[in-house]
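>>> Provided below for reference: sequence and predicted model.
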There are 2 protein chains.
Amino acid sequence: MSLTTMGQQAKAASTVLSQLDTQTKNQALMTMASALEEHTDEILTANAKDMTHAKQNQVRQVMLDRLLLTADRIQTMAEGLRQVQTLPDPIGEVTQGWTTPVGLQIKQVRVPLGVVGMIFEARPNVTVDAAALTLKSGNAVILRGGKEAIATNITLADVLRQALVSMALPADAIQLVHDTSHETADELMQLTDYIDVLIPRGSAKFIDLVVQKATVPVIETGAGNCHVYVAADADFKMALNIIVNAKTQRPSVCNAMEKLVVDRQIAAEFLPQVQAALQPYSVTLKGDATAKAILPDIEVAAEADWGTEYNDYIMAIKVVDDIEGAIAHINRYNTKHSEAIITNNYADSQKFTKAIDAAVVYVNASTRFTDGFEFGFGAEIGISTQKLHARGPMGLTALTSTKYIAEGNGQIRA
Amino acid sequence: MSLTTMGQQAKAASTVLSQLDTQTKNQALMTMASALEEHTDEILTANAKDMTHAKQNQVRQVMLDRLLLTADRIQTMAEGLRQVQTLPDPIGEVTQGWTTPVGLQIKQVRVPLGVVGMIFEARPNVTVDAAALTLKSGNAVILRGGKEAIATNITLADVLRQALVSMALPADAIQLVHDTSHETADELMQLTDYIDVLIPRGSAKFIDLVVQKATVPVIETGAGNCHVYVAADADFKMALNIIVNAKTQRPSVCNAMEKLVVDRQIAAEFLPQVQAALQPYSVTLKGDATAKAILPDIEVAAEADWGTEYNDYIMAIKVVDDIEGAIAHINRYNTKHSEAIITNNYADSQKFTKAIDAAVVYVNASTRFTDGFEFGFGAEIGISTQKLHARGPMGLTALTSTKYIAEGNGQIRA
């Protein structure tokens, strides 16, 4: 099926979806959850096929882990659908309203975006998550997952579509691109007539590629070269706790810490404590010349290190003269994701939060909290690192737009 | 000067601007207003040069009118700056805030976008408007105006920049691209490292081109193929009033009416009244077969007419069977700008406002109200016809983003 046809179908479905009441959407989510459970065997069979291919193609172990489904994981997906059902429906919210001098009653109402395109890599749970969140927010979705998970994704999409049909809802609310060639991804990125927003999920390199190629509006997600700045007035114990958490709790994710920035005044005393605290986690340390002078056994960081998101047990250390130096370094190299200052100085905490250009700026807390669930949104579409439309963890409202409704009684413009 | 250099300078200036208090920004706007008045002669001299060139190049009269400055028009620009000074500053607004279960105090704060790129055509007042609105919202701006107004724009930008310098503010808050070749426009559209958002102002064709070429996020503005749907239960007098206003008050603008959609039940009675009402304004009428049967002297509309924004004294008439037909026709051909229903039927008014996909949907009012000033925003950057970030008339807040500030006392993620 051509992407244009899929786009037309998605558009038609989105018109129906945009007008569904919350109750109907919630019933659909519950039906989808039960359908996943009922078709567990079918989904596992398809997943086994993907796993066999992946192993034949010598896919890395970490990728295999992401690809693998079990009865428990399918159960978790179903529970995810039921959880989305409990979230408040953003559609129909009146975000503001007023009456103009000529008596026009204007209200701004939250509406669905229309058709959402998602391009993602191996994890099949994204298929179910994305379907749930777009449905709850009244959008149609076109999913284009990675080739490794194609058999699993086809089965998942079919099961979810059948669930919609059983409720007399349009199956095309959820469509999966079966052809996983690069060409279909490229075509999807250009489908401006039908897709209202494209959300790519994957590596920083992949997202950059999408931004370059897409003519459909893109919400950039993900890349996180996150810094923790330990100021001269920091509580060392708190700082060490946060560094260990931010660096080692889950180093592969985008809100993990990648860089330590330390005030020169405390570097000689503090850095050996950092090294000792991270030693049990086998974190490879790199540093600038000052850091290297204090910790002689660490590597010297290259210029390229400062802009790199390692996503691994690696951390680079930059020593700065003062908070201005810290701000300048971070704003130069960060990816606008999550940045933290550890300090007991009030003025510095104010200066840092005001001057740092990032989606989330922390004072005395771990960068790991940048997450839709930790923020209390009950869901996460991704973490936006751009400034337009949505910034930071995105919940359901990131999948909405607004429209103005202006009610009059014959007003004309003078 | 290279655009990369300009981008770097804009970025540096934006860091300063983002931290200015409202009082300082307001003083800058007042200083800029006075500077325009003081340099009136210089600006008029530059403008005379542009006018001479434009006449030599046989630029159309309507274009010449837009290009021409007079002492009065410069005075109006200065007053515009003073008016922006009176608007509330959106920066620093706390849009929401809460405390998470682990005690993180999160607030979402309104911040500038950073660097705004504006590409526009002949009107030099856009230079001053854009500079005022971006400054008030804490953004740096890179302006790229049309070649016809280049001498005027250079002088205006210089005067405004000198005003900033006199206040010890960064001149690079306002930069103008002097090279008006297509290449610089193309390069500006790709300057993702430095520009946070691009706002093109101009014809629908020009904006489409920008959307195709730009890798910088774009806010689409402008194109308006606006419909007025007169339902069976409409008050004819009100409907005629609104049609005359929406079609003829200012046909060249994007919120002017382009298409009349009429319910079949009333077409035979109502359409001759429409023709009579528009007759004094010499509006060329086109119509589908049914309309043509009722008004034999009108042209037959071609398929291409339904999607065309005439921006002229031309109107096409479509006769539909019912409200569903009206909704289907409008959603198929509209540019998502402004659409109106004229009716006294409550259920139809609800159905129309819910189902129509547009930035502003009217009941019993003229489409001409889609305007930042009419909406009470006190300013207008443009009218967004896209669904991401901003939709409909854009005031100062459309030039802002948000960031989260999360204050803790040592929280780490479990």
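Happy to help now that I have it.
>>> Now do the residue nearest to residue A:70 when sequence neighbours are not counted: how many residues are near it, please.
What sits nearest to residue A:70 in space, not counting adjacent residues and going by CB to CB, 6 or more residues apart in numbering or on different chains, is residue A:44, at 7.6 Å. Using the backbone N, CA and C atoms, a C-beta is placed for each residue, glycine as well. Residues near residue A:44, counting by other CB atoms under 10 Å in any protein chain shown, number 18.
>>> Now do the contacts for residue A:44.
Residue A:44 makes contact with A:69-71, A:74, according to CB atoms under 8 Å, 6 or more residues apart in numbering or on different chains.
>>> Need the residues you listed in TSV (columns: pLDDT).
Shown next, in TSV, are the contacts of residue A:44 (pLDDT from 0 to 100):
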residue	pLDDT
A:69	96
A:70	96
A:71	97
A:74	96
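>>> show me the residues around the closest residue to chain B within the stretch 101-250 of chain A that make contact.
With CB to the nearest CB, the shortest gap between the stretch 101-250 of chain A and chain B falls at residue A:245, namely 3.6 Å. Residue A:245 makes contact with A:366, A:368, B:412-413 under the criterion CB under 8 Å, 6+ apart.
>>> Now that we have these, can you turn them into CSV and tack on pLDDT?
As requested, the contacts of residue A:245 are exported to CSV (pLDDT from 0 to 100):
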residue, pLDDT
A:366, 98
A:368, 97
B:412, 98
B:413, 96
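>>> Which members of those residues are the farthest-apart pair?
Spatially, the most separated pair among the contacts of residue A:245 is A:368 and B:412, at 7.3 Å (CB to CB).
>>> shared neighbours, those two?
The contact lists of residue A:368 and residue B:412 share A:245-246, A:249, where a contact means CB under 8 Å, 6+ apart.
>>> Flag the least confident of these.
Confidence by pLDDT is poorest for residue A:249 among the shared contacts of residue A:368 and residue B:412, given 95.
>>> So what's the residue count around it?
Residues near residue A:249, counting by other CB under 10 Å: 17.
>>> Ok, the one 3 residues further on next?
By other CB under 10 Å, 10 other residues sit near residue A:252.
>>> again, but for the one 3 residues further on
The local packing of residue A:255 (other CB under 10 Å) involves 24 other residues.
>>> Using the three-state scheme, assign residue A:315.
strand (DSSP: H, G, I helix; E, B strand; the rest coil).
>>> Who are the contact partners of it?
Residue A:315 neighbours (CB under 8 Å, 6+ apart): A:247, A:257-260, A:278, A:283-286.
>>> Helices - which of these land there?
A:247, A:278 (DSSP state H).
>>> Buried members of the contacts of residue A:315 into PyMOL, please.
If you want just the buried ones from the contacts of residue A:315 in PyMOL, going by 16 or more other CB atoms under 10 Å in any protein chain shown, the selection is:
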select buried, chain A and resi 247+257+258+259+260+278+283+285+286
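>>> circling back to that earlier point, redo the shared contacts of residue A:368 and residue B:412 as CSV? Include distance to residue A:130.
Compiled in CSV, the shared contacts of residue A:368 and residue B:412 are given as follows (distance: CB to CB, whole Å):
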residue, distance to residue A:130
A:245, 29
A:246, 28
A:249, 26
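>>> quick one, phi psi at residue A:239?
phi -60, psi -40 (degrees, to the nearest 10).
>>> Would you confirm that it contacts residue A:230?
Yes - the criterion here is CB atoms under 8 Å, and residue A:239 meets it with residue A:230 at 4.7 Å.
>>> Could you tell me which residues touch both of these two?
What both residue A:239 and residue A:230 touch, as defined by CB under 8 Å, 6+ apart, is the set A:270, A:342.
>>> Partner strands of the longest strand along chain A and their direction?
What stands out as the longest strand in chain A, according to DSSP state E, is strand A:400-411. Partners of strand A:400-411 in the sheet, by DSSP bridges, are strand A:105-112 (antiparallel), strand B:360-365 (parallel).
>>> Next, count neighbours for residue A:5.
By other CB under 10 Å, 12 other residues sit near residue A:5.
>>> So residue A:178: helix, strand or coil?
Three-state call for residue A:178 (three-state DSSP): coil.
>>> Name the nearest residue to it, ignoring sequence neighbours.
Nearest to residue A:178 is residue A:154, by CB to CB, 6+ apart, at 6.3 Å.
>>> for residue A:147, same thing?
What sits nearest to residue A:147 in space, not counting adjacent residues and going by CB to CB, 6+ apart, is residue A:180, at 3.8 Å.
>>> contacting residues around residue A:196?
By CB under 8 Å, 6+ apart, the neighbours of residue A:196 are A:113-116, A:139, A:216-217, A:401, B:387-388.
>>> What separation do you get for it and residue B:408?
According to CB to CB, to the nearest Å, residue A:196 and residue B:408 sit 36 Å apart.
>>> cool, residue A:73 as well?
33 Å.
>>> The two: which is more packed in?
Just comparing residue A:73 and residue B:408: by other CB under 10 Å the higher neighbour count belongs to residue B:408, 22 against 16.
>>> you'd agree that one is up against residue A:360?
No - counting by CB under 8 Å, residue A:360 is not a contact partner of residue B:408; they are 11.7 Å apart.
>>> Check which residues of the one helix or strand residue A:393 maps to are buried.
Using DSSP states H and E, residue A:393 sits in strand A:392-394. Neighbour-count burial for strand A:392-394 flags A:392-394 (criterion: 16+ other CB under 10 Å).
>>> And the residues you listed, which is closest to chain B?
Looking across the buried residues of strand A:392-394 and measuring by CB to the nearest CB, the closest to chain B is residue A:392, at 5.0 Å.
>>> Next, the contact list for the closest residue to the closest one other than its chain neighbours, please.
Distance criterion CB to CB, 6+ apart; nearest residue to residue A:392, sequence neighbours excluded, is residue A:359 at 3.8 Å. Listed by CB under 8 Å, 6+ apart, the contact set of residue A:359 reads A:336-338, A:370, A:383-385, A:391-393, B:403-404.
>>> which regions of the stretch 1-150 of chain A sit below the pLDDT cut-off?
Residue ranges of the stretch 1-150 of chain A with pLDDT under 70: A:122.
>>> And the residue of the stretch 251-400 of chain A found nearest chain B, how far from residue A:387?
Here the stretch 251-400 of chain A gets closest to chain B at one residue, residue A:365, 3.2 Å apart by CB to the nearest CB. Distance, residue A:365 to residue A:387, using CB to CB: 23 Å.
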